[in-house]
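**Q** here is the input, now give the coordinates:
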Amino acid sequence: MARKKVKVEDAEIDMTPMLDVVFIMLIFFIVTTSFVKESGVTVDKPYAPTASKKKNASIFVAIKDSDTIWVSKKEIDIKNLRSLIEDIKLENPDGQVVIQADKKSHAGILLKTIDAIKSAGVKDVSVAARVK
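**A** Presented below is the predicted three-dimensional model:
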């Protein structure tokens, strides 16, 4: 008896639709991610028993005890703070600004910082405090 050669076809899975779904999910997550701009330094915040947490805080400005201003792990001059905040607000228009002022920093630099941030178009500016 002669054997018939049966041609077995290799079964292949088409990966194109799965890759399309993965790329669409990646784009979705990149677009919906909110980016937080940390100050990058640690400060000793003053105590305030009535302080509350901000939910949409995404821009943090720190004022150290030496009256230096820090944003995104970089020391910023008060003259450049307004333009930097304007640029950050373009990336995240709904972001709220929180100032983390050291309790040994001077009130004058805090007021200048608040003024520069508000002149950049930010309406909601908060000062961070330690609760306990």
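**Q** assign residue 116 to helix, strand or coil.
**A** helix (DSSP: H, G, I helix; E, B strand; the rest coil).
**Q** what's the local residue count around it?
**A** 21 (other C-beta atoms under 10 Å). (Each C-beta comes from the backbone N, C-alpha and C, glycine too.)
**Q** what of residue 33?
**A** Neighbour count of residue 33, defined by other C-beta under 10 Å: 8.
**Q** so how far is residue 46 from it?
**A** 32 Å (C-beta to C-beta, to the nearest Å).
**Q** cool, and residue 57?
**A** 17 Å.
**Q** list the buried residues of the lengthiest helix in the chain.
**A** What stands out as the longest helix in the chain, according to DSSP state H, is helix 16-32. Buried residues in helix 16-32, defined by neighbour count with 16 or more other C-beta atoms under 10 Å: none.
**Q** pLDDT (mean, whole number) over the helix or strand following that helix?
**A** Sequence order places strand 57-63 as the next helix or strand after helix 16-32, per DSSP states H and E. Averaging pLDDT along strand 57-63 yields 88.
**Q** give the partner strands of the following helix or strand past strand 57-63 in its sheet and their orientations.
**A** Where DSSP H and E defines the elements, the next helix or strand beyond strand 57-63 is strand 69-71. Strand 69-71 has the following sheet partners, assigned by DSSP bridges: strand 57-63 (antiparallel), strand 74-76 (antiparallel).
**Q** most neighbours per residue, which of the ones you listed?
**A** Of those, the one with the most neighbours on average (mean count of other C-beta atoms under 10 Å) is strand 57-63, at a mean of 22.
**Q** touching it from outside, list them.
**A** 34-41, 43, 69-71, 81, 85, 88-89, 92, 95-102, 105, 109-110, 113, 117, 126, 128 (C-beta atoms under 8 Å, 6 or more residues apart in numbering).
**Q** now do the longest helix of the chain: distance to the chain's middle.
**A** Its chain's C-alpha centre and that of helix 16-32 lie 23 Å apart, by C-alpha atoms, centre = their mean, to the nearest Å.
**Q** and it, what's its mean pLDDT?
**A** Here the average pLDDT along helix 16-32 is 88.
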